[in-house]
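[1] Sequence first, then the predicted structure, then my questions.
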Amino acid sequence: MYNYDLRQNYYNYNNDNYNKPLYTEDANPNSLYDPYAGFIRGNMFKDLYNPYKTSKPIEIQATTDRDQMLAMLDAFDFATVDINLYLDIYPNDKDMIELFNQYRMERNKLCEEYENLFGPILTSSNANMAYPWAWDNKPWPWEN
Amino acid sequence: MWIYKKKLEYPVNIKRKDLKMAKYLVTQYGGPAGELAAAWQYLNQRYTMPDERGKALLTDIGTEELAHIEIISSMIYQLTNGATSQEMEEAGLGANYAQFGMDLFPSDSFGNPFTMTYIKTVGDPIANLESDMAAEQRARVTYEHLMDLTDDPDVIGPLAFLRQREVIHYQRFKELRNYYLENKIQSKDS
């Protein structure tokens, strides 16, 4: 379990990313990962990606239709979260606002499709018109 | 206000019970570099940020940290789910079982309860943001230590995701800090 070699590598770990100069005001939207690739990395911004130990990003193990749809929803949700943080401090980046809204609309569409099939993710969902009260239904996010 | 999304930011599906790992992981729930401390540090600092960029960034990163508390909690829950009192005892979690049964409790890996004195706030946006940058760095390194302590891909996946979020949050805090320095934006009243 305890891998001594990897532990050694830690001390030679490349920390260059932490010394990057100020990011430019207009990041090129083409330099971003697509939502799924960004999601599995935890980072939409290619030039900021800084992995540890994992030689390649870990794919989401989705075996059911539900898990597959959830992974796509997670991916677009993630893309909007990460671009949102960027836009908070670069509010004048037009291209990035456009990309944010493209992903936001795709996220909303995926969320509605998912909720129609598998029940509500938000209490504001139309899926809450179901009887009996659908919000109570399994699975809860922490259960597997 | 906040709205609950009935899903995780990143999925947690751990198949192998691992009580020792749960004992180590709990520090990212209620330890000094944990997600609870981070969430509250940023959400607490946002009220007096000097401009709209800062208010937005601290609100949004603080909110994301709340989602990270949920990911870590889910990992602890799944790593310990179904354990017996004897297994808990053997893994060094006997005291947890005595006090909390199988409930979660925010503490560090040694069992010291979470304390709000972990959060840093000092009344100066540059000093606050530099505390936030340091918090992200400490959390990133803690995730690396946790990744060193397991070979379960179901555990490494979410840990790698959470670690990478620290990288991005650090970057954004640093960019905002630099923007304030370059534009001489100092405090709410200046």
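    Noted; the coordinates are in hand. Keep in mind it's a predicted model, so treat the numbers as computed, not measured.

[2] how many neighbours does the nearest residue to residue A:137 once chain neighbours are set aside have?
    In space, not counting the residues next to it along the chain, residue A:137 is nearest to residue A:119; the distance is 5.1 Å by Cβ to Cβ, 6 or more residues apart in numbering or on different chains. (Glycine included, C-beta is placed from N, CA and C.) Using other Cβ atoms under 10 Å in any protein chain shown, residue A:119 is surrounded by 19 other residues.

[3] Only alpha carbons, please: show stretch B:39-46 as CSV.
    The C-alpha coordinates for stretch B:39-46 follow below in CSV (Å, rounded to 0.1, in the frame of the first residue of the first chain):
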residue,chain,number,x,y,z
ALA,B,39,-15.6,26.9,3.6
TRP,B,40,-16.1,29.0,6.7
GLN,B,41,-12.9,31.0,6.3
TYR,B,42,-14.0,32.2,2.8
LEU,B,43,-17.7,32.6,3.6
ASN,B,44,-16.7,34.5,6.7
GLN,B,45,-14.2,36.8,4.9
ARG,B,46,-16.5,37.8,2.0
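
[4] quick one on the thing from earlier: I'd guessed the residue nearest to residue A:137 sits against residue A:132; true?
    No: using Cβ atoms under 8 Å, residue A:119 is not in contact with residue A:132; the gap is 11.6 Å.

[5] hmm, back to that, distance of the residue nearest to residue A:137 relative to residue A:35?
    23 Å (Cβ to Cβ, to the nearest Å).

[6] Please apply the same query to residue A:84.
    13 Å.

[7] what about those two, which has more around it?
    residue A:35 (24 against 19).

[8] Next up, the contacts around the more buried one.
    Shown in contact with residue A:35 (Cβ atoms under 8 Å, 6 or more residues apart in numbering or on different chains): A:44, A:75, A:76, A:78, A:79, A:103, A:106.

[9] go on, residue B:7?
    A:70, A:73, A:74, A:121, A:141 are the contacts of residue B:7 under Cβ under 8 Å, 6+ apart.

[10] ok, of those, which one's closest to residue B:105?
    residue A:141 (19.6 Å; Cβ to Cβ).

[11] On the three-state scheme, the closest one is what?
    At residue A:141 the chain is in coil, as set by DSSP: H, G, I helix; E, B strand; the rest coil.

[12] Which residue, other than its chain neighbours, is closest to it?
    Nearest to residue A:141 is residue B:8, by Cβ to Cβ, 6+ apart, at 4.7 Å.

[13] Neighbours of that neighbour, how many?
    Residue B:8, neighbours per other Cβ under 10 Å, totals 20.

[14] Hmm, it is touching residue B:70, no?
    Yes: if you go by Cβ under 8 Å, residue B:8 and residue B:70 touch, sitting 6.2 Å apart.

[15] what's the helix or strand for the spatially most central residue of chain A?
    The residue lying closest to the centre of chain A (Cα atoms, centre = their mean) is residue A:78, at 2.5 Å. Here residue A:78, judged by DSSP states H and E, is contained in helix A:65-89.

[16] Quick one: mean pLDDT for that helix?
    Averaging pLDDT along helix A:65-89 gives 97.

[17] who does it touch, helix- and strand-wise?
    helix A:35-41, helix A:94-118, helix B:52-80, helix B:153-182 (3 or more Cβ pairs under 8 Å, 6 or more residues apart in numbering or on different chains; DSSP states H and E).

[18] Including distance to residue B:116 and mean pLDDT, could those go into CSV?
    Listed next are the helices and strands packed on helix A:65-89 as CSV, based on distance: least, Cβ to Cβ, whole Å; pLDDT from 0 to 100:
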stretch, distance to residue B:116, mean pLDDT
helix A:35-41, 32, 97
helix A:94-118, 34, 97
helix B:52-80, 15, 98
helix B:153-182, 20, 95
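
[19] Export those as CSV, with columns for distance to residue A:49.
    Formatted as CSV, the helices and strands packed on helix A:65-89 follow (distance: least, Cβ to Cβ, whole Å):
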stretch, distance to residue A:49
helix A:35-41, 6
helix A:94-118, 17
helix B:52-80, 18
helix B:153-182, 7
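
[20] Taking chain A, what residue is nearest to chain B?
    Closest to chain B within chain A is residue A:42: 3.1 Å, counting by Cβ to the nearest Cβ.

[21] what about that residue, how many neighbours?
    Neighbours around residue A:42, by other Cβ under 10 Å: 25.

[22] separation between it and residue A:59?
    13 Å.

[23] What of residue A:31?
    With Cβ to Cβ as the criterion, residue A:31 and residue A:59 are 22 Å apart.

[24] Who are the contact partners of residue B:163?
    Neighbouring residues of residue B:163 by Cβ under 8 Å, 6+ apart: A:42, A:52, B:140, B:143, B:144, B:147.

[25] what's around the nearest residue to the first one once chain neighbours are set aside, how many residues?
    When the adjacent residues along the chain are set aside, residue A:42 lies closest to residue B:164, with 3.1 Å between them (Cβ to Cβ, 6+ apart). For residue B:164, the count of nearby residues is 25 (other Cβ under 10 Å).
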